[in-house]
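>>> Requesting a structural model of the entry that follows:
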Amino acid sequence: MNTRRFDAAILDMDGVITQTATLHARAWKQMFDEYLASRGQREGKDYAAFDADTDYRAYVDGKPRYDGVRSFLQARGVNLPEGESDDSPHKVTICGLGNRKNVLFRELLQREGVEVYEDTLALIDRWKQQGIKVAVISSSRNATEILTAAGVLDLFDIKVDGNDLQRLKIPGKPAPDMFLRAATELGARPERAIVVEDALSGVEAGRAGGFGLVVGVARKGNAEELRRHGADIAVDNLDGFVADRRTP
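From the prediction side, this is the model:
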């Protein structure tokens, strides 16, 4: 690939930079399974448990927290009141369940810590040597805490996260708005920026935003699925991507 085509790269955090996607999936599963089991017991009905692989990718991965709650429950035929962002994590609303998931995630984060993907850090270093600006995006409101714990916050020129989505009142993935915001803050046109994502909603957003290259990171072997949802290319990891981007 010709590095002169690009001025900027925008990378998702969970699953691309930090190995927190599995923690998120575990927290989602615990929250949803507990809720569905309780609801099923009251109704005398069996609800299928949350699948930490397929349901995670299809309904919650990469999306703002409350959008993920709403999306998954609708798939199970469950409708709940929206509630408020300050709802108790024990309140049975969209926001309450989302807040419960966040409590569980933060407990896992505190107990197990944050690891990073070394292939991604090598790629970021290579791009910065080539003068390519780098942004990190995340739908999580915990992004600063996670990146700080991982010791990588200072690697990025720009960060756009869930707190910015709320403050700016812009939609999360699969809408392209947060990527476009990052590109604007980097001073780069979308067609001259790369998006690196592992979430289906993320590659959809990159495609919708008209970015010059959308890279799907298929760490779970779902390359074809990422391509179907909008990735120009899909790779199992970013090691080869570093080698392919030697300075001309």
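
>>> Counting by contacts, list what the longest helix anywhere in the chain packs against.
Longest helix in the chain by number of residues, with DSSP state H as the criterion: helix 21-43. On a contact count with 3 or more C-beta pairs under 8 Å, 6 or more residues apart in numbering; DSSP states H and E, helix 21-43 meets helix 65-75, helix 94-112. Using the backbone N, CA and C atoms, a C-beta is placed for each residue, glycine as well.

>>> what does it contact?
Counting by C-beta atoms under 8 Å, 6 or more residues apart in numbering, helix 21-43 makes contact with 14-15, 45-53, 56, 60-61, 68, 72, 76, 78, 92, 97, 100-102, 104-105, 108-109, 112, 198, all of which sit outside it.

>>> thinking again about what came up before, can I get the helices and strands packed on helix 21-43 in TSV including mean pLDDT, distance to Ser38 and mean neighbour count?
Shown next, in TSV, are the helices and strands packed on helix 21-43 (pLDDT from 0 to 100; distance: least, C-beta to C-beta, whole Å; neighbours: other C-beta atoms under 10 Å):
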stretch	mean pLDDT	distance to Ser38	mean neighbour count
helix 65-75	96	13	20
helix 94-112	95	11	19
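
>>> okay, those in CSV with distance to Pro171 next?
What follows is those, written out as CSV (distance: least, C-beta to C-beta, whole Å):
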stretch, distance to Pro171
helix 65-75, 8
helix 94-112, 16
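
>>> Show the pLDDT at the residue in the chain sticking out farthest from the centre.
Relative to the C-alpha centroid of the chain, counting by C-alpha atoms, centre = their mean, Gly44 is the outermost residue, at 35.2 Å. Looking at Gly44, its pLDDT is 96.

>>> One more: Val195?
pLDDT at Val195 comes out at 97.

>>> Low-confidence ranges, this protein, go.
Within the chain, the segments meeting pLDDT under 70 span 1-3, 240, 242-248.

>>> excluding its backbone neighbours, what's nearest the most centrally placed residue in the chain?
By C-alpha atoms, centre = their mean, the mean C-alpha position of the chain lies nearest to Gly62, the distance being 3.1 Å. In this structure, Gly62 finds its nearest non-sequential neighbour in Ala199, 3.1 Å apart by C-beta to C-beta, 6 or more residues apart in numbering.

>>> Looks like that neighbour contacts Ser140 (just checking).
No - with contacts counted by C-beta atoms under 8 Å, Ala199 stays clear of Ser140, the gap being 11.9 Å.

>>> between the helices and strands packed on helix 21-43, which one is nearest to Ala150?
Ranking the helices and strands packed on helix 21-43 by proximity to Ala150 (C-beta to C-beta) places helix 94-112 first, at 10.4 Å.
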